[in-house]
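>>> with the input below, show me the fold.
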Amino acid sequence: MNNINWADIGHLREILEHCPNDENRQIASQIVPDDGVDLTGVFASFQQLIEPATHLQTGGSTFPEAGELTGLFFPDDDKAPVEDSRLHTAATHEFADADYSQYSFMRDQPITYNGRETFDVEAIRKDFPILHQKVHGKELIWFDNAATTQKPQHVIDAISHHYEHDNSNIHRAAHTLAARSTDAYEGARKKIATFINAPSEENIIFVRGTTEGINLVTQTYGRKFIQPGDDIIVSTLDHHANIVPWQQLAKEKQANLLVIPINDKGEVILEEYEKLLSSRTKIVSFASVNNTFGTISPVKTMIDMAKRYGARVLIDGAQSVAHTPTDVQELDADFFVFSGHKIYAPNGIGVVYGKKELLELIPPWQGGGNMIKDVTFEETIFNGPPAKFEAGTPNVADAVGLGAALDYVSKVGIHNIEKYEHYLTEYARKELGQIDGIQLIGNPRERISVVSFVIPGIPTPEVGKLLDEEGIALRAGHHCAQPALRRLGVEASVRPSFSFYNTTEEIDKLVTAVKKIVASKH
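Numbers count the residues shown, from 1 in each chain. Next up, the predicted model:
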């Protein structure tokens with residue numbers, strides 16, 4: 001019995017409770033090591049086996065602090081370049097042809113870790129054509145990156161190339177364009193698997209975005225495994241997309257929706273989270289980075305805590321995937337979802353990562369073409385994952401665009417991006433925090449890319465409109481995160497959010513504009 005851990009017991013429970021046939025018992029034997037233990041006996045003694053430990057060993061966050069930054073953010077030295085094989089597989093390819101923009105960062109800039117030439121923000125900005133325009137006679141400053149990111153010319157060109165040369169439906173034709181389109185679509189799936197360090201491209205499901213991804217999990221895993229009296233845990237920090245689907249499922253299944261509380265800084269309270277966990281916990285679903293305060297949650301610690309009780313875990317990576325490294329195997333996440341448009345790819349494309357054994361167990365969500373092996377009027381035999389979750393004609397061009405976006409991010413370097421954006425975030429908090437007459441909302445210790453504030457006496461929508469007149473685009477509202485904002489005592493906030501193409505000079509213009517607005521109310 002010593003070879004079976006808490007997570008194994010919880011996963012075995014799912015199979016034995018809901019899939020008692022011989023085929024799924026065979027799957028169970030693959031999940032639980034074959035050490036001579038009778039699986040039925042294990043299930044029968046399950047309640048005695050899963051008594052939680054009296055003390056959980058909780059470690060710190062797996063997300064490193066960037067620390068103090070000098071120069072742009074890297075010190076000048078003569079150290080040799082450092083390769084990171086986990087996230088830079090795509091970066092090993094050279095992009096020296098004419099398919100990219102005239103001033104392409106990918107073509108013109110060497111990728112090293114020496115000195116400030118490793119991150120030339122002006123060269124990067126030249127790759128984003130939308131940034132080079134005026135709004136109300138002012139240079140556009142795009143500080144609405146938590147809502148959506150802009151697209152580099154590389155991504156725009158990749159989508160155009162697909163429609164100009166390769167456009168076809170995939171998988172079901174013998175002609176050349178179908179082969180090209182299929183290769184491009186499946187090639188994008190492989191790039192995603194590499195970027196998040198999934199074991200295989202078969203773990204990757206294409207969806208429209210994070211919202212659809214979470215709904216897919218609720219409608220497949222949730223409908224199959226959640227029973228009356230089970231607990232579903234979400235976080236106060238979550239986007240509505242990770243609250244509403246679970247809330248609906250809990251009502252339908254007569255399950256309990258429990259909420260992890262946060263402190264006054266906008267951080268998860270781990271001690272309270274631990275109190276919510278029990279043998280009734282079936283799934284924990286939360287965001288790795290909050291979209292309102294920029295809080296980086298201690299994801300690995302929270303996953304480990306959940307798995308002590310045999311719970312599955314879904315991570316909403318919409319706000320983290322473009323800003324911090326992602327390794328789903330290291331995290332041991334059961335599901336990880338994100339949207340392409342948050343990471344410089346087109347709208348309408350996203351990803352669900354799922355562990356293979358889970359994707360094999362759960363049913364398809366939608367039915368139609370592509371997800372079947374054989375159809376009669378009496379029965380349908382489904383394809384295996386990921387195809388069984390991708391019914392109908394897929395969004396090929398935008399999947400290609402997502403692959404191109406990950407190429408671009410990998411070439412720049414996700415660690416480089418993380419450090420530079422940390423620098424921008426701290427600079428913005430410092431400068432905005434010195435303005436009399438505004439109130440910063442939230443102050444998490446681990447944070448990135450987002451600052452929220454209010455100007456007492458001036459409605460938030462009005463602040464957003466006044467800043468737009470200065471050419472500054474940002475979000476002013478509740479950010480689809482009403483519970484988080486209300487916990488900190490406000491209904492809405494002004495939210496500048498930053499990307500690697502933003503600059504401190506742009507932040508200075510924001511600070512000047514906010515000072516002007518504050519002065520106008522007196």
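>>> so which helix or strand takes in residue 366?
Taking DSSP states H and E as the definition, residue 366 sits outside all helices and strands.
>>> ok, it - contacts?
Residue 366 sits next to 389, 391, 392 when contact means C-beta atoms under 8 Å, 6 or more residues apart in numbering. C-beta here means a position set from N, CA and C on the backbone, and glycine is covered the same way.
>>> quick one: the last one is in a strand?
No. Per DSSP: H, G, I helix; E, B strand; the rest coil, residue 392 lies outside any strand segment and is coil.
>>> and for it, the neighbour number?
Residues within reach of residue 392, counting by other C-beta atoms under 10 Å, total 11.
>>> which element, helix or strand, includes the residue nearest to it when sequence neighbours are not counted?
Closest residue in space to residue 392, ignoring its immediate chain neighbours: residue 368 at 4.6 Å, by C-beta to C-beta, 6 or more residues apart in numbering. Under the criterion of DSSP H and E, residue 368 resides outside all helices and strands.
>>> hang on, isn't residue 368 packed against residue 389?
No. Residue 368 lies out of contact with residue 389 (C-beta atoms under 8 Å); the separation is 11.3 Å.
>>> the more surrounded of the two?
residue 389 (23 against 11).
>>> now the closest residue in space to the more buried one that isn't next to it in sequence, what's its secondary structure?
For residue 389, ignoring the flanking residues on the chain, the nearest one in space by C-beta to C-beta, 6+ apart is residue 205 at 4.6 Å. Secondary structure, three-state DSSP: residue 205 is strand.
>>> got the contact list for residue 205?
213, 216, 351, 352, 353, 354, 359, 385, 386, 389, 390.
>>> how about the second one: what's its closest non-neighbour residue?
If the residues on either side of it in the chain are set aside, residue 216 comes closest to residue 365, at 5.3 Å by C-beta to C-beta, 6+ apart.
>>> test my guess that the one you found contacts residue 218.
No. Counting by C-beta under 8 Å, residue 365 stays clear of residue 218, with 9.4 Å between them.
>>> for the stretch 101-250 of the chain, give me the ranges with low pLDDT.
Residues of the stretch 101-250 of the chain meeting the criterion pLDDT under 70: 101-118.
>>> which residues in it form strands?
134-135, 138-139, 141-142, 204-207, 231-235 (DSSP state E, counting those that start in this stretch).
>>> repeat that for the stretch 251-400 of the chain.
Using DSSP E, counting those that start in this stretch, strands in the stretch 251-400 of the chain cover 256-260, 281-287, 312-316, 335-339, 350-354, 372-375, 380-382.
>>> including mean neighbour count, could these go into JSON lines?
Conversion of the strands of the stretch 251-400 of the chain to JSON lines gives the following (neighbours: other C-beta atoms under 10 Å):
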{"stretch": "strand 256-260", "mean neighbour count": "18"}
{"stretch": "strand 281-287", "mean neighbour count": "25"}
{"stretch": "strand 312-316", "mean neighbour count": "27"}
{"stretch": "strand 335-339", "mean neighbour count": "29"}
{"stretch": "strand 350-354", "mean neighbour count": "28"}
{"stretch": "strand 372-375", "mean neighbour count": "12"}
{"stretch": "strand 380-382", "mean neighbour count": "13"}
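>>> which stretch among those strands comes nearest residue 222?
Closest approach to residue 222 among these (C-beta to C-beta): strand 281-287, 7.3 Å.
>>> restrict that closest one to CA atoms and write it as PDB.
Output of strand 281-287 as PDB, limited to C-alpha atoms (Å, rounded to 0.1, in the frame of the first residue of the first chain):
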ATOM      1  CA  THR A 281     -13.100  18.100  -2.700                       C
ATOM      2  CA  LYS A 282     -13.500  16.900  -6.300                       C
ATOM      3  CA  ILE A 283     -11.900  19.800  -8.200                       C
ATOM      4  CA  VAL A 284     -10.000  23.000  -7.400                       C
ATOM      5  CA  SER A 285     -10.100  25.600 -10.200                       C
ATOM      6  CA  PHE A 286      -8.300  29.000 -10.000                       C
ATOM      7  CA  ALA A 287      -6.300  31.500 -11.900                       C
END
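>>> now do it against strand 256-260, angle only.
With axes from the mean of the first three to the mean of the last three C-alpha atoms, to 10 degrees defining the directions, strand 281-287 sits at 40 degrees from strand 256-260.
>>> within its sheet, name the partner strands of strand 281-287 and how each one runs.
strand 231-235 (parallel), strand 312-316 (parallel) (DSSP bridges).
>>> save those strands as a markdown table, and put in distance to residue 148 too.
Output for the strands paired with strand 281-287, formatted as a markdown table (distance: least, C-beta to C-beta, whole Å):
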| stretch | distance to residue 148 |
| --- | --- |
| strand 231-235 | 23 |
| strand 312-316 | 16 |
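>>> compute the first-to-last residue distance for stretch 351-359.
This stretch, stretch 351-359, spans 14 Å end to end (C-alpha to C-alpha, to the nearest Å).
>>> quick one: residues in contact with it.
With C-beta under 8 Å, 6+ apart, stretch 351-359 has contacts from 11, 27, 30-31, 192, 196, 198-200, 202-207, 213, 216-217, 221, 312, 328, 333-338, 340, 385-386, 389, 402.
>>> try it again with 7 Å
Stretch 351-359 is contacted by residues 27, 30-31, 192, 196, 198, 202-207, 213, 216-217, 221, 328, 334-338, 385 when judged by C-beta atoms under 7 Å, 6 or more residues apart in numbering.
>>> the closest residue to residue 318 other than its chain neighbours and residue 158, how far apart?
Closest residue to residue 318 apart from its sequence neighbours, by C-beta to C-beta, 6+ apart: residue 210 at 4.2 Å. Counting by C-beta to C-beta, to the nearest Å, the gap from residue 210 to residue 158 is 22 Å.
>>> one more: residue 151?
In terms of C-beta to C-beta, residue 151 sits 10 Å off from residue 158.
>>> ok, residue 283 - contacts?
Residue 283 touches 232, 311, 312, 314, counting by C-beta under 7 Å, 6+ apart.
>>> so what's the residue lying closest to it once chain neighbours are set aside up against?
Closest residue to residue 283 apart from its sequence neighbours, by C-beta to C-beta, 6+ apart: residue 312 at 4.6 Å. Contact analysis of residue 312 by C-beta under 7 Å, 6+ apart lists 221, 282, 283, 334.
>>> might you report the residue contacts of the closest residue in space to the second one that isn't next to it in sequence?
This points to residue 282. Leaving aside its chain neighbours, residue 282 sits nearest to residue 230 (4.3 Å; criterion: C-beta to C-beta, 6+ apart). The contact partners of residue 230, taken as C-beta under 7 Å, 6+ apart, are 255, 280, 282.
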